[in-house]
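Have a look at this prediction, sequence included:
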Amino acid sequence: AHQSLFATRMSTEQMLPILETLDEAGYHSLEVWGGATFDASLRYLNEDPWERLRTIRKHVKNTKLQMLLRGQNLLGYKHYPDDVVEAFIQKAIENGIDIVRVFDALNDLRNLETSVKAIKKFGGHCQMCICYTISDIHTVDYYVNLTAEMVKMGADSIAIKDMAGILTPSVAYKLVKGIKGITDLPLQVHTHATSGIAEMTYLKAVEAGADIIDTTVSTFSGGTSQPATESLGIALEELGYHTGLHFDKIKIVA
């Protein structure tokens with residue numbers, strides 16, 4: 001969430017007071033690394049991103065840690081050799097990452113092959129990611145067929161990544177239904193509140209069978225970030241869905 005709202009400028013020290021509380025909240029996982037966090041730590045915060053990961057792992061003992069990986073680009077902006085990709089993923093898992101959400105911006109699965117093999121090789125959970133966009137080509141059938149190819153490649157779960165917040169409730173329902181119709185793998189939905197429809201999109205995705213939705217704590221929610229965990233948790237529980245959240249264990253951090 002701080003990447004979406006504050007350009008990934010939170011320091012590790014600023015994160016420490018809340019880590020154990022987040023660990024008790026009942027999240028499926030916490031996305032704490034990868035993407036722009038690595039770049040920002042080095043370029044703007046003068047921090048070691050590997051040390052950040054190890055520090056978070058020390059404080060988060062019960063909840064899975066998740067990272068975002070740009071396929072053959074890793075966390076950079078160009079393609080890296082296969083041996084570099086494999087070594088990086090090995091070290092990420094060794095230093096505390098459980099789930100690797102891997103994507104290619106153009107949904108070119110060739111750029112995910114090396115990453116997927118490495119994630120599986122070193123015992124990580126491989127979440128393969130659909131990058132959602134809209135065009136005459138990018139139909140529900142297109143994404144369902146893409147998912148089928150990801151299943152063949154060995155995905156442990158599937159994510160729908162709606163980076164721009166343009167996934168509408170109706171399409172979300174159809175897309176989730178379509179994907180769940182061809183695979184029993186867990187399906188996670190990620191969107192942003194940018195366009196003001198994220199909560200409705202999540203509700204329809206859950207109704208269609210989505211297993212996990214990406215949220216953030218209320219203080220970091222809305223705008224270009226994700227919807228609030230607390231609000232969505234209460235709403236979904238009242239509608240009869242078990243969220244897994246433990247509101248009784250969430251304490252105030254001064």
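Sure, I can see it.

Tell me the pLDDT of I250.
For I250, the pLDDT comes out at 58.

do H2 as well
86.

That one and T219: what is the separation?
Distance of H2 to T219, computed by CB to CB, to the nearest Å: 10 Å. C-beta coordinates here come from the backbone N, C-alpha and C atoms, glycine included.

In terms of neighbours, single out the busier of these two.
H2 (16 against 11; other CB atoms under 10 Å).

Spatially nearest residue to that one, not counting backbone neighbours?
M10 (4.5 Å; CB to CB, 6 or more residues apart in numbering).

try S218
Nearest to S218 is A228, by CB to CB, 6+ apart, at 3.9 Å.

What does the one you found show for phi and psi?
Dihedral angles of A228 (phi, psi; degrees, to the nearest 10) stand at phi -80, psi 130.

How about M128?
Torsion angles, degrees, to the nearest 10, at M128: phi -90, psi 140.

partner residues bridging it?
V102, I158 (DSSP bridges).

Check what pLDDT it gets.
M128 is given a pLDDT of 98.

Number of residues surrounding it?
Neighbours around M128, by other CB under 10 Å: 28.

gap between it and A92?
16 Å.

Would you mind naming the helix or strand containing the nearest residue to M153 once chain neighbours are set aside?
Sequence neighbours aside, V116 is the residue nearest to M153 in space, at 5.4 Å (criterion: CB to CB, 6+ apart). Using DSSP states H and E, the element containing V116 is helix 113-121.

mean confidence score for that helix?
On average, helix 113-121 scores 98.

before we move on, what about stretch 48-55?
97.

what residues does that stretch touch?
With contacts defined as CB atoms under 8 Å, 6 or more residues apart in numbering, stretch 48-55 is touched by 12, 16, 32-33, 37-38, 41-42, 65, 91-92, 95-97.

just stretch 58-71 next, same as before
By CB under 8 Å, 6+ apart, stretch 58-71 touches 16, 19-20, 22-24, 27-35, 53, 56-57, 75-76, 89, 92, 96-105, 111-112, 115, 125, 127.

Also stretch 212-232?
1-2, 4-5, 18, 22, 25, 27-28, 31, 165, 186-194, 198-199, 202, 205-206, 233, 243, 245, 247.
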